[in-house]
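1. got a structure for you, letters missing:
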């Protein structure tokens, strides 16, 4: 199973006609070394994304353990951003962020965010990867949403309803947060509490393990 299956079956109307950059794969568990190896490819993508009207870049982590559970995916996400911090000066991890605060990653002058698909997500999740052992990070530049802002706004409710109708609902309030870094890891159950991947490893494991019994987090939007 490949990422093409995800694109083929998604209810997002922007996925199928999207223009993608050169894909990158990390084969082992040393993701830091893998990202260093592909540093220039990643930077070139973001530096040219606006001019070339590119919509995304696919990063595949081939080791099945990296996304086998939600805590594993959460740790992978933290390691990913920590590695980017070492490679690119405009990427940083904020201390104790809030959902309505400004926090974003930038490479090559382009803001971007991450959409992840992993083996840990069940079939009823929008991030289900159809049985693939791999974990996929879709890196999406902000410029693609700027180009399609009007169309996205018109179709926002329709897209949410389509996912819900097919048994793969997501929380609209979480999806519409201004702080995109809060959405790098989609929660599983319940679906309305952000996964705080930026916490230290022990805290991340505890939070993702007991999420179902934790009190609901109030999500505040900017403005």
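-> Good, I have the coordinates. Because the structure is a prediction, the values reported are computed rather than measured. Numbers count the residues shown, from 1 in each chain.
2. C-alpha from now on. contacts and neighbour counts both.
-> Will do.
3. does the most centrally placed residue in the chain sit in a helix, a strand or a coil?
-> Ranked by distance to the mean C-alpha position of the chain (C-alpha atoms, centre = their mean), the top residue is residue 115 at 2.2 Å. What DSSP: H, G, I helix; E, B strand; the rest coil gives for residue 115 is strand.
4. ok, for it, nearest residue in space, not its chain neighbours?
-> Among residues not flanking residue 115 along the chain, residue 138 sits closest, at 5.0 Å (C-alpha to C-alpha, 6 or more residues apart in numbering).
5. could you do residue 143 as well?
-> Looking at residue 143 with C-alpha to C-alpha, 6+ apart, the closest residue is residue 50, at 5.7 Å.
6. for that neighbour, what are phi and psi?
-> Main-chain dihedrals, residue 50, degrees, to the nearest 10: phi -70, psi -50.
7. dump the residue contacts of it.
-> 110, 141, 143, 144 (C-alpha atoms under 8 Å, 6 or more residues apart in numbering).
8. where along this structure do the helices fall?
-> In the chain, the segments counted as helices under DSSP state H are 3-9, 31-37, 39-52, 70-87, 142-147, 149-165, 172-175, 201-209.
9. now the chain, which segments are flagged as low pLDDT?
-> For the chain, the stretches flagged by pLDDT under 70 are 1-17, 148-172, 201-223.
10. my read: the residue nearest to residue 115 touches residue 55, true?
-> No - the criterion here is C-alpha atoms under 8 Å, and residue 138 misses it with residue 55 at 9.7 Å.
11. more crowded one of these two?
-> Higher neighbour count among residue 138 and residue 55: residue 55, with 23 against 20, using other C-alpha atoms under 10 Å.
12. quick check: residue 86 vs residue 42, distance?
-> 14 Å (C-alpha to C-alpha, to the nearest Å).
13. so these two - more neighbours on which side?
-> Neighbours were counted for residue 86 and for residue 42 using other C-alpha under 10 Å; residue 42 has more, 21 against 13.
14. quick one: the more buried one from residue 84, how far?
-> 10 Å.
15. common neighbours of these two, please.
-> With C-alpha under 8 Å, 6+ apart, residue 42 and residue 84 have no common neighbours.
16. contacting residues around residue 53?
-> Residue 53 touches 19, 143, 144, counting by C-alpha under 8 Å, 6+ apart.
17. mind doing that once more with 10 Å?
-> 18, 19, 20, 21, 141, 143, 144, 147 (C-alpha atoms under 10 Å, 6 or more residues apart in numbering).
18. just give me the neighbour total for the fourth one.
-> So the one you mean is residue 21. Around residue 21 there are 21 residues (other C-alpha under 10 Å).
19. need phi/psi at it.
-> Dihedral angles (degrees, to the nearest 10) for residue 21: phi -80, psi -180.
20. just give the closest residue to it, not the sequence neighbours.
-> With C-alpha to C-alpha, 6+ apart as the criterion, residue 21 has its nearest non-adjacent residue at 4.9 Å, and that residue is residue 57.
21. what about that neighbour, how many neighbours?
-> Neighbours of residue 57 (other C-alpha under 10 Å): 22.
22. from what I can see it touches residue 141, true?
-> Yes - Residue 57 is in contact with residue 141 according to C-alpha atoms under 10 Å; the separation is 8.7 Å.
23. tell me the contacts of the residue nearest to the centre of the chain?
-> Counting by C-alpha under 10 Å, 6+ apart, residue 115 has contacts 58, 127, 136, 137, 138, 139, 140, 180, 183, 184, 185, 186.
24. could I get the residues you listed as CSV with distance to residue 90?
-> As requested, the contacts of residue 115 are exported to CSV (distance: C-alpha to C-alpha, whole Å):
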residue, distance to residue 90
58, 20
127, 28
136, 23
137, 19
138, 19
139, 16
140, 16
180, 16
183, 19
184, 17
185, 21
186, 24
